[in-house]
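return atomic coordinates for the entry below.
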Amino acid sequence: MITILTAILVFGVIIAIHEFGHFAMAKLCGIKVNQFAIGMGPVILKKQKGETEYSLRLFPIGGFCAMEGEDNQSSDTRSFHNKPVWQRMLVVVAGAFMNLVLGFILILCTTLLYGDIITMEVAEFTENSQTGQSCSTSETCGLQIGDKILSMDGMRILTDTDLSYKLQNTESDTMDLVVMRNGEKVKLPDVKFYNTETGNRLDFKVQAVELTIWNITEYSFLNVISTSRLIWISLRDLITGKFGFHDLSGPVGIIETIGEAASSGDNFKQNLTSVLSFTSFITINIGICNLLPIPALDGARFLFLLIEAIRRKPVSPEREGMVHFIGMALMFLLMIVVTVQDISKLVQ
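From the prediction side, this is the model:
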């Protein structure tokens with residue numbers, strides 16, 4: 001029950017923030033908003049305030065911001081289609097932007113709960129628990145205490161998120177590093193990360209520093225960039241076949257993962273940190289994926305507006321509507337198939 005309630009809260013906040021982005025930008029651009037709803041299906045609560053009806057609906061799986069003239073023609077001067085194309089572009093991307101802002105805030109909160117900032121500076125190498133001798137292979141390859149890791153195999157290392165990804169997903173035994181040492185960039189070719197005692201790849205520890213308003217802001221911002229980049233990499237790997245269809249998860253799989261995050265720690269603080277961390281990943285994921293030029297998503301709507309801006313003539317509403325309808329139908333079909341797959345995994 002706690003898992004379900006946590007998942008509802010997580011999805012509700014992410015959806016509310018996304019739709020609020022559209023709503024707030026529409027208001028700033030002077031567009032008339034007829035309805036603002038959180039959730040889908042039957043109305044639980046609703047209130048009319050000014051020209052907008054606000055409602056909370058039964059199923060926390062969506063939401064909408066219904067603007068005047070968004071899906072049909074309207075003579076109202078404040079309708080969506082009667083506004084300049086650049087304002088409509090801002091409204092369309094505002095939802096995804098707010099998802100990224102939410103991700104930044106959640107990462108900042110998670111870092112505050114941790115109590116320090118993890119840097120990319122090597123603090124110490126692992127030692128054998130019996131002899132006290134170094135069991136770090138990377139030390140023998142030239143890595144030194146005090147080195148700040150800048151890149152690995154050409155990938156810029158911004159945060160510990162990038163470092164973990166490279167160590168876990170690089171198939172090659174060695175990597176080419178660039179580090180900052182005594183104020184100068186130093187290249188370290190063919191560095192092997194291997195703990196000879198445990199057999200793990202992580203054979204060193206990084207430096208942690210106390211929080212300041214500046215480093216926590218920088219760290220949270222860089223972590224949003226790191227997470228966004230890893231999402232793009234995952235999408236690329238899915239397209240190229242590195243990941244298969246069986247690796248996808250739908251609402252059921254995500255709810256299961258939220259449940260695991262909510263019970264993974266030894267106390268409430270650790271559980272809360274895990275949930276906030278996973279929620280930040282979900283909201284950034286939604287923000288990035290929403291910008292993809294896939295029919296029915298904000299990215300496709302932005303693409304149609306871009307075409308209108310270039311040719312100075314809108315695409316036929318009937319054609320655009322048909323494209324979005326087909327895209328929506330395919331997305332629902334994909335969601336059904338992935339949900340069945342998730343349930344099958346749970347049963348197995």
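
and Arg78, that's in a helix?
No: counting by DSSP: H, G, I helix; E, B strand; the rest coil, Arg78 is located in no helix; its state is coil.

report the contact partners of it.
Arg78 is in contact with 30-32, 68, counting by C-beta atoms under 8 Å, 6 or more residues apart in numbering. C-betas here are computed from N, CA, C, even on glycine.

for the protein, what spans make up the helices?
According to DSSP state H, the chain carries its helices in the segments 2-28, 85-114, 137-140, 160-169, 213-240, 251-262, 268-290, 298-311, 317-347.

least reliable of the ones you listed by average pLDDT, please.
Mean pLDDT is lowest for helix 251-262 among the helices of the chain, at a mean of 70.

which parts of that helix are buried?
For helix 251-262, the neighbour count (16 or more other C-beta atoms under 10 Å) marks 252-259, 261-262 as buried.

same thing with stretch 3-22?
Residues of stretch 3-22 classed as buried under the neighbour-count rule (16+ other C-beta under 10 Å) are 3, 6-8, 10-22.

likewise for stretch 279-295?
Of the residues in stretch 279-295, those buried under the neighbour-count criterion (16+ other C-beta under 10 Å) are 279-291, 294-295.

which one (most neighbours) among the contacts of Arg78?
Scoring the contacts of Arg78 on neighbours with other C-beta atoms under 10 Å, the highest-scoring entry is Ile31 at 25 neighbours.

where's that one relative to Leu143, distance?
Summarising the geometry, the distance separating Ile31 from Leu143, computed by C-beta to C-beta, to the nearest Å, is 55 Å.

do the same with Phe193
Here the distance between Phe193 and Leu143 works out to 9 Å (C-beta to C-beta).

what do you get for Gly299?
According to C-beta to C-beta, Gly299 stands 41 Å off from Leu143.

and Leu291, by the same measure?
37 Å.

cool, Ile239 as well?
Distance check for Ile239 against Leu143: by C-beta to C-beta, it reads 34 Å.

ok, Lys49 next?
60 Å.

so the two - more neighbours on which side?
Leu143 (23 against 8).

where does that one land on pLDDT?
pLDDT recorded at Leu143 is 94.

just checking, it touches Leu177?
Yes: under the criterion of C-beta atoms under 8 Å, Leu143 makes contact with Leu177 at 7.2 Å.

shared neighbours of the two, which are they?
Contacts common to Leu143 and Leu177, judged by C-beta under 8 Å, 6+ apart, are 188, 191.

how deep is the closest residue to Val85 other than its chain neighbours tucked in, by neighbour count?
Closest residue to Val85 in three dimensions, ignoring its sequence neighbours and counting by C-beta to C-beta, 6 or more residues apart in numbering: Ala309, at 4.8 Å. Applying other C-beta under 10 Å, we find 15 other residues in the vicinity of Ala309.

measure Ala309 to Ala26 for me?
Taking C-beta to C-beta as the measure, Ala309 and Ala26 are separated by 19 Å.

what's near enough to touch Tyr54?
For Tyr54, the contact set (C-beta under 8 Å, 6+ apart) comprises 35-37, 46-48.

can you list the domains in this structure?
Listed by automatic domain parsing, the domain ranges of the chain are 2-112+273-347, 117-210.

just those: most buried one?
For these, ranked by mean neighbour count under the definition mean count of other C-beta atoms under 10 Å, the leader is domain 2-112+273-347 at a mean of 17.

give me the distance from it to the chain's centre.
When distances are taken as C-alpha atoms, centre = their mean, to the nearest Å, domain 2-112+273-347 is centred 15 Å away from the chain's centroid.

I figured Ile107 was touching Val224, is that so?
Yes: using C-beta under 8 Å, Ile107 makes contact with Val224 at a distance of 6.6 Å.

contacting residues around stretch 287-298?
Applying C-beta under 8 Å, 6+ apart, the set of residues contacting stretch 287-298 from outside is 18, 92-93, 95-100, 103, 228, 231-232, 235, 299-300, 302-303, 323-328, 330-331.

now Cys29: how far from Trp86?
Between Cys29 and Trp86 the computed distance is 9 Å (C-beta to C-beta).

ugh, wrong one, I meant Lys47
If you go by C-beta to C-beta, the gap between Lys47 and Trp86 works out to 32 Å.

go on, Val186?
Distance from Val186 to Trp86, by C-beta to C-beta: 46 Å.

with Gln73 instead?
The gap separating Gln73 from Trp86 is 21 Å, by C-beta to C-beta.

same check, this time on Gly321
Gly321 is 22 Å from Trp86, by C-beta to C-beta.

show me the contacts for the residue nearest the centre of the chain.
Central residue of the chain (C-alpha atoms, centre = their mean): Ile284, 2.1 Å from the mean position. If you count contacts by C-beta under 8 Å, 6+ apart, Ile284 has them with 99-100, 103, 224, 227-228, 231.

kind regards, and thank you for your time.
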